[in-house]
Every structure is written in C-alpha cells, then in structure tokens.
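J.: turn this into a model:
(2 chains)
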Amino acid sequence: MTPVRRVGLNRRGFLGLAALAAAGGTGVLTACSGSSGDKRVADRHKDGILRIGVASAPSSLNPLDSGSEITRWIAEPIMESLYRYDAGLASVPLLADGEPLISEDGLAWTIRLRQGVLWHNGTPFTADDVVATLAHMLDLSAGSEWITYMLGYLSRFEKVDEHTVRIVLGKPYGLLRSHLTNLPITHRDFVARKDTMMGTGPYRLDTFVAGQSFTLSRFDRYHGGQYPAGSAPAFAGMQYTVFTDANTRVLSLRQGKVDLITAPSFATFDTIRKDRSLALVLTEAPLDVLSYVMMRKEPFSDPDFRKAVALSMDRQGVLQRVYGGEGTIGQGPIGPAELGWDAGLTPFAPAPDLARARELLARAKTGKRSFTVTIGTNQGIRDVAQVLVAGWKQVGLDVTIEQLAGGPWSNKWLSRDYDMLMNTFSSGFTSGPANYLTLAPAGSTNVLSCGYANPEVDRLIDTVWQTSNDAERAAALSRVNRLLAEDAVITPPVHPKLALAQRAELSPLDPTMLRISRLDPQHLRFV
Amino acid sequence: MRARTRPPHPGVAGWIGVVCVLLYLLVATVGRLQGDPAALVAPGPEAPSLGHPFGTDHLGRDLLARTAEGAWTSLLICLSSIGFAIVVGVPLGVLAGRRHGGRLDGLLMRAVETLQALPQFVFVMFLIGLMGTADMHFGPLTVGNGARVAFAIGLGFVPYFARVARAATVVEMQEDYVANLRGLGVPEREILFREVLVNVWPPVLGQACLAMAIAVFAEGGLSFLGLGVAPPHATLGNLIADAGGQIIGGDWWYATLPGTVLVLGILGFNLLGDTVGGRSGRRARPAPGVRRVPGRRPSPSVPTPTPNPKETQ
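T.: Numbers count the residues shown, from 1 in each chain, chains lettered A, B, ... in the order given. Below is the predicted model:
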C-alpha cells in the first residue's frame, strides 16, 4: 500500500516559513533603503508635482474648525485670508483691497474686498463669503476653534455692498488684525463642509483619500490669472501623502519619493545630516509643549506642591533625550520664537532641583503625592512625559500617564477634569508670532480657566487682547510669562525647534515663514 | 497486573517549546533584577554592554529591565485572560455538553458562535475601542488598561474553551462510569463537576497552552498599536513599537532583543500547546477495550472542535 503523503502546511512549518520570510524581507528592505534617489527625483520632477510627506491627516478638512498645523499645512496653498504676512511678518492685504477703514473709537472696521477674485468652483469672491465665514465661526453649534478668539469682542458684522464688509466690535480688540491675517476665508456654500476645501488660493484640492493622500492642482484663474512678476506658482500640482511612521517618511525622502517631510524624529537627524542630497531644517517656531495644571483641586491647588513639581522637572533630560538638544529650556509659556519671550527669566534650572523640591513637598499642606498627566497620542509628547515621570519619581511622586486622542484630550481640557495636561501645539496658524492663546487658561474668567486667580494676570491678558500697540502687548506678554512661571502655573519643560527635512532639489524653505509655522509650499521651486 | 505507564515524551518540537518558554521566563524573572525599568540610566540609546546586556532604549533606560517588565506584564495579562476564559468558558461548555442537543445547548452554542463570527484580534480591538484606553474609575478603584486588555482577550477566548469543554463533556457523558455512577444514585451535579470535569481538563489544558501563544501575540499586537498598557510601563509590544523609530539610526538591539523574547514566547507556547494538545487528543480517543454504554455512542453529528490558533488571529 502506498503511504499517503501529507502536503498541507502544519503549524510548525508555517512558523518556520514565517521566520525565514521575516528575515529575508528585512534583508531585502535594508538593501532597498540604501539606494540613491537622485535619478528617481529627476524623472519624477518632470511631472511638475511637489510631493510632501506629512505625519498625520486631518479628520476634518475645514480649516475653520481647527488651527492645527495638520489641517493648515494642507490648506496653505488652497485657502487665503483677508490679510497675509509679508517677508517681514507684517500684515499686508491679500483678499482685502487695501488697509481697513477704522472708526475713531476703533470699534468699526470697514474692509474693501479685492475684485476679480474667483473661487476654485468659478464663482466670484464677494462680501457674502466673508460674512458667511464670520457667521460660521461665531456659531456655537458649528464647533469652530475660532469662536474662543472672537466671542465677546465681535458685536456684529454685515455686508455693506458686494465688495465691502463692516465689522463692529463691542470693545477695543487689538488682535482683530491678527485674526483677520490668520483666519482662512471660505466660500459661503462650503463653510460647514468638512469633506473638502473651497478656497481662492493658487492651488485647488482635486481629490483625497481620507487619512492617506491629498492631491492639488494649480488654479490657473488665480486672482483672475494675474500674478505679480516672478510669483507664478512653479508646480503643476502638489501631493500630500501621510506616512505616520517617522522612519518611513525619512526613507521616502531619501529614495526621492517625496521632496519635503514634516516632523522627522530626533533619531533620524544623523541619517538626514549624513545624506548630501537632503537638508535638515531646524528653526525656532511657535511650537509649544502645552502644560496646564488644575488648581481647583488637590494636589495642584497647593502652591508648594506645584512649585515642587515644576522644580523636579528634568528639563535638560527632555531636551536632550527627546529633542536631541534642539530647542530651549522652558520656563514660562512663551517660547523664544514668540512675542514677549524673556531670555533672562530662569526660575528653573535645566536639571531637576531635587533638594528644593523635597523641601517644598515636606511643607506642602496637601498629603497627596500622586497625580495623572493626560497627554496626546504622539510619540514626542509620550517621551516627554516618560522622562518627566522618571524625574518626579525621584522626589517620591507617583505619576500615571494617561494617553488620549485629540478629541477626548480637548474634551478633558474643556471639562476641566484633569490634574495635569500636556500636548504639543503649533500656534503660528492662529496667532502668528504672538502666542497669546496658550495663556488663556490662566485667565480666571476664561472658559478654559485652570483655577488660577491673579488680578494682575487678568488685567495683563486683557491688555494683550485689547491693545493695538505691539510694544505694549510685548511688555504685557513678558510680564504674564514671568508671573505664570514664578507661580508654577504654566511651566513647559522645553520649547522645541520645528523640524523638517527636504531634498536638495527643492528651493530652501523660508525661515521667516517657518517662524509662524508656515511651509509656504506655493512659493517653493525645483532647483 | 497493572500496566506500566511510560512517562510522556514531548518529542523534539515539544522540547524546543519547553526551552523557548524557559528562556522567556528566565528573561521575565532574572531581568527584573536589573533595576527600575523606568529609571534613566544612560544619556540615550547605547549598544549592549556588560552593564546593560540588552543595551538601553531611546530615552536611556535599561532595555533588559524593560524587556523583563514587558515579558512579565505580557505573562500576567495572558494568564489573567486565559484564567478568565477558563472560568467562564469551561462551565458553559460543560453545561452545554450535559444538555447536548437540548435548548440550553443550542442557546449557548449559538451565543458562542456569534462571538466567534469576528476574528479574535478584531473582536478584541473592537472591545478596547468600546471601552477606551483611559483609566476607568469606580469610586476608589481605578481600572487600568492592562486589566481591560486581559478582559478583552479573555472574552475573545471564551468561545474556544466553551466548545472544547462541551465536546469533551459530550464524550465523557457517554462513558460507562457515568452510567454506573448514576446507577449508584450519585447526584447529577456531583457527577458533572467532580467526575466529568476532571476528564474534561486535559483538552482544556492543551487549548490553554495554544491560547497562551495567541494571547502573547494579541497583547503584543495591541501594545504595538498603542491600545495596551500605558507608558512608562513596558510591554513587549510597545517596546517594539518604540524601537521602530530607532531602526534607521542603527540601534539594532532595540527591536531585535525584545522581539526575540516575544518570538520565544509565541513559538514556545505554541509548540508546547501543540504537544499537549496532541497528547490530550490521543488520550481523548477511547482506549482499546473500553466499553461504551450500548446505544449511547457519540453521535456523528456531535462537533468535536479543535480550534486552530491561526483562525483566531
């Protein structure tokens, strides 16, 4: 009798083959990763498409919903504002036709709009679009992040004629010009849409695959087809591709699959520096590590406990281990790229002051020695929290890390049900070079108030929002920064630099625009 | 004369499984002596050395200590989840087997099949998605994500244990000794839980070893995806996930060493489960000369499932 031969794959065979395949696959991938991308880039650039690798995709495409760089980096070449930042970061007209006409009391702004501007769907840009954008922003049910910047100041707004709008304020609001320089104006029929972007910019959104890629093409009728000399968009189109893994982003850049990537991790810096076809871009920008403590309840209601926590932060450890030394030691909420930065403010040493922290803990009235730090889900903030927790452990603090995605994290912030909150935030898209937004929770009457009540801080924050005098605003910001640091209310461990990487075949990113978080891709060129 | 029983021989694969599991346990226990897994002991990633046999991670923490914590955490989660699955699944299976063909059997088996309709890993991710990853507070009691991961994996295993227990119970209930015990007037509950359950145990044990391998894999996968235990606590999955960002920098040890320990766990428990399962399967067949009660032979329609670990992933 012929023995029956089994030809099926049993479990052991499967495991063996899987191990071999994994080992072989790793070798193949390693070999492939070393190949040069120069020829690939030359061939690819023939189509005139700029390819950008980003770390994450926005859940909503409506730039009125969020000022986050995740949305705004894609919106940059598509959407425009009434005013824009020039090369010196001064606000100059864009969709507005000249400077606004402001009443003597400063409460009524009449803005003439540029004529001959077309939306990407071919309809003309009018005052109705500006009114619809402002109305959406102030609609409580719309959930726009911008509402917190305008509520209480904007009294009403109206269409004067087809190309004129009037904004009436309830009280002086010096930040209005800043907001109008950062707020993207959206087509009246698209203000509530979250699945597309309808703008007036030099590029329009053609297609996207949710969470994966966004394809833009040049809009040839941009502002009626009239470009100032030398400023015509160079690319036939742009493509944003999401690579959530930092290694994959860098490898795609090395292989010439993309021309520019955002957020390369510190671990990849050396690899990028060694490759002559790549350039690592590190710049001081309004990139904040948001750090708030809830002072309405124990243990952070106790000032000694609060200061002990701030003193035992391993700031140097965070800077070196998480950001490779690329940044500045944090003291107060305002960083070196932001208006009001005070380099002389040093209440906290780079290394943890454990002796002083223990002393403060010993005299603290609260008996609690534990708290929870609630962080976002990105790798950077997770590493920051882990380094800090190791430092706090040395003074006997038992700290739990709780990770929440964007929505639940924001809900926690709004509900004020937290001990300590931490996350990273690029404020440049909402406040340009003057970061007043991260100060909001320090105001005693703010909806995000962390329970801190200091009349001087309240008065200074009002000055920051109301004054039209930049020097006065800078002085107020600087003073608030000092008070919040010394009272250990908002004490971020570091102010990291903004990190990007690009191929040498692409013109250099504009350092001035990077200082307000902008990539400004519409002004780049292949070289 | 009583037949002399030879000690069971696990075979080559079985021995390899034993060695792998022992190595896994060795790292999980001896590595704990390396110190605090959260302490920053070096300025950054360092290659393996005498002081740090597994090197250090990207934040400068001892990787052996963290791998040991990860292996230990994985072990605890896996044992808890399998314990939960056995405690819930085996009684359900025994009850269903006792009422073989009845309404209770039908009801329990349909419920179990409903749970099995989703691939186990997808089912576990679905449960974690429902429960969230944030700590849950019930008065003074805080339930961390580790306990929820154990519960989710355990719940995913319940159908498999229930089906194995049911099949074994159906076979046992038709053995002579059950009829004899009934004849002697032994209460039904006592027969079921004192006599039958003992004989149901061997196939359940084999299933537990196989499930252990799947649980180590599932826990590692969930942690890799950020759905497992929160940092700074290490699990093998989150160590490998963190190591992914360092590969391009040449830190080969970071992914390789915890990855090897994870492979040892999965491979070891799998081979061990295969061996134990195979032996209990052989034992489950009636021995020559065993006489069954006339007219009460196992029906050909009785399903005797031996769940394949691959189909559960």
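
J.: what are the buried residues along the helix or strand where B:Arg110 lies?
T.: In the assignment (DSSP states H and E), B:Arg110 maps to helix B:103-116. If you call a residue buried by 16 or more other C-beta atoms under 10 Å in any protein chain shown, then helix B:103-116 has these buried ones: B:105, B:108-109, B:112, B:115-116. Every C-beta, even on glycine, is put in place using the N, C-alpha and C of the backbone.

J.: show me what that helix is packed up against.
T.: Here helix B:103-116 touches helix B:63-98, helix B:145-172, going by 3 or more C-beta pairs under 8 Å, 6 or more residues apart in numbering or on different chains; DSSP states H and E.

J.: returning to what we had before: and which of the buried residues of helix B:103-116 is nearest to B:Val41?
T.: Nearest to B:Val41, judged by C-beta to C-beta, of the buried residues of helix B:103-116 is B:Leu115 at 44.9 Å.

J.: on that earlier part again, ok, whichever helix or strand comes after the helix holding B:Arg110 near chain A or not?
T.: Taking DSSP H and E as the definition, the helix or strand that follows helix B:103-116 towards the C-terminus is helix B:120-131. No - applying C-beta under 8 Å from any C-beta of the partner chain, one finds helix B:120-131 separated from chain A by no less than 11.2 Å.

J.: how far away is B:Ala255 from chain A?
T.: Counting by C-beta to the nearest C-beta, to the nearest Å, the separation of B:Ala255 from chain A is 10 Å.

J.: nearest residue to that residue other than its sequence neighbours?
T.: By the measure of C-beta to C-beta, 6 or more residues apart in numbering or on different chains, the closest residue to B:Ala255 outside its immediate chain neighbours is B:Ala243, 3.7 Å from it.

J.: one more: A:Val489?
T.: A:Tyr452 (5.0 Å).

J.: which intervals of the stretch 151-300 of chain B have sub-threshold pLDDT?
T.: Along the stretch 151-300 of chain B, the parts satisfying pLDDT under 70 run over B:277-300.

J.: return the residues of it in contact with chain A.
T.: Counting by C-beta under 8 Å from any C-beta, the stretch 151-300 of chain B sits next to chain A at B:226, B:230-232, B:242, B:244-249, B:251, B:263, B:267, B:270-271, B:274.

J.: one step back: what's the closest of the buried residues of helix B:103-116 to chain A?
T.: In terms of C-beta to the nearest C-beta, no member of the buried residues of helix B:103-116 lies closer to chain A than B:Gln116, at 19.5 Å.

J.: what number of residues lie near the residue nearest to B:Ala255?
T.: B:Ala243 is surrounded by 22 other residues when neighbours are defined as other C-beta atoms under 10 Å in any protein chain shown.

J.: how close does B:Ile16 sit to chain A?
T.: Counting by C-beta to the nearest C-beta, the gap between B:Ile16 and chain A amounts to 9 Å.

J.: so that residue lies in a helix, does it not?
T.: Yes - for B:Ile16, which was evaluated using DSSP: H, G, I helix; E, B strand; the rest coil, the result is membership in a helix.

J.: quickly find the element holding the nearest residue to it once chain neighbours are set aside.
T.: Taking C-beta to C-beta, 6+ apart as the measure, B:Ile16 lies nearest to B:Leu271, with 5.6 Å between them; neighbours along the chain are not counted. In this structure, B:Leu271 sits in helix B:252-284 according to DSSP H and E.

J.: now that helix against helix B:63-98, angle please.
T.: If you take axes from the mean of the first three to the mean of the last three C-alpha atoms, to 10 degrees, helix B:252-284 sits at 20 degrees to helix B:63-98.

J.: my read: B:Ala150 touches B:Ser81, true?
T.: Yes - here B:Ala150 lies in contact with B:Ser81, judged by C-beta atoms under 8 Å, at a distance of 4.5 Å.

J.: comparing the two, which shows the higher neighbour count?
T.: A count of neighbours by other C-beta under 10 Å puts B:Ser81 above the other of B:Ala150 and B:Ser81, at 27 against 21.

J.: any idea how far that one lies from B:Gly237?
T.: The gap separating B:Ser81 from B:Gly237 is 14 Å, by C-beta to C-beta, to the nearest Å.

J.: and A:Leu483, by the same measure?
T.: Counting by C-beta to C-beta, the gap from A:Leu483 to B:Gly237 is 44 Å.

J.: between the two, which one's more packed in?
T.: Just comparing A:Leu483 and B:Gly237: by other C-beta under 10 Å the higher neighbour count belongs to B:Gly237, 27 against 18.

J.: could you find the closest non-adjacent residue to the more buried one?
T.: Counting by C-beta to C-beta, 6+ apart, B:Ser223 is the residue found nearest to B:Gly237 once chain neighbours are left out, at 2.7 Å.

J.: what's the neighbour count on the one you found?
T.: A count of neighbours around B:Ser223, defined by other C-beta under 10 Å, yields 29.

J.: isn't it right next to B:Pro231, touching?
T.: No - no contact is recorded between B:Ser223 and B:Pro231 when judged using C-beta under 8 Å, the distance being 10.0 Å.

J.: what's the overlap in contacts for those two?
T.: Overlap between the contact sets of B:Ser223 and B:Pro231, as judged by C-beta atoms under 8 Å, 6 or more residues apart in numbering or on different chains, is given by B:Asn238.

J.: so for chain A, the centremost residue is which one?
T.: Relative to the mean C-alpha position of chain A, the nearest C-alpha, by C-alpha atoms, centre = their mean, is the one of A:Ser426, at 2.7 Å.

J.: any idea how far that residue lies from chain B?
T.: Spatial separation of A:Ser426 from chain B under the definition C-beta to the nearest C-beta is 21 Å.

J.: what residues are bridge-paired with that residue?
T.: Listed beta-bridge partners, A:Ser426: A:Leu287 (assigned using DSSP bridges).

J.: which stretches of the stretch 1-150 of chain B have low pLDDT?
T.: Counting by pLDDT under 70, the ranges of the stretch 1-150 of chain B that qualify are B:1-8, B:133-135, B:137, B:139-143.

J.: which residues of it lie near chain A?
T.: Within the stretch 1-150 of chain B, the positions adjacent to chain A are B:13, B:38-40, B:43-45, B:58-61, B:132-135 by C-beta under 8 Å from any C-beta.

J.: re the thing from before, how far is the helix holding B:Leu271 from where the chain is centred?
T.: Per C-alpha atoms, centre = their mean, to the nearest Å, the displacement of helix B:252-284 from the mean C-alpha position of its chain is 11 Å.
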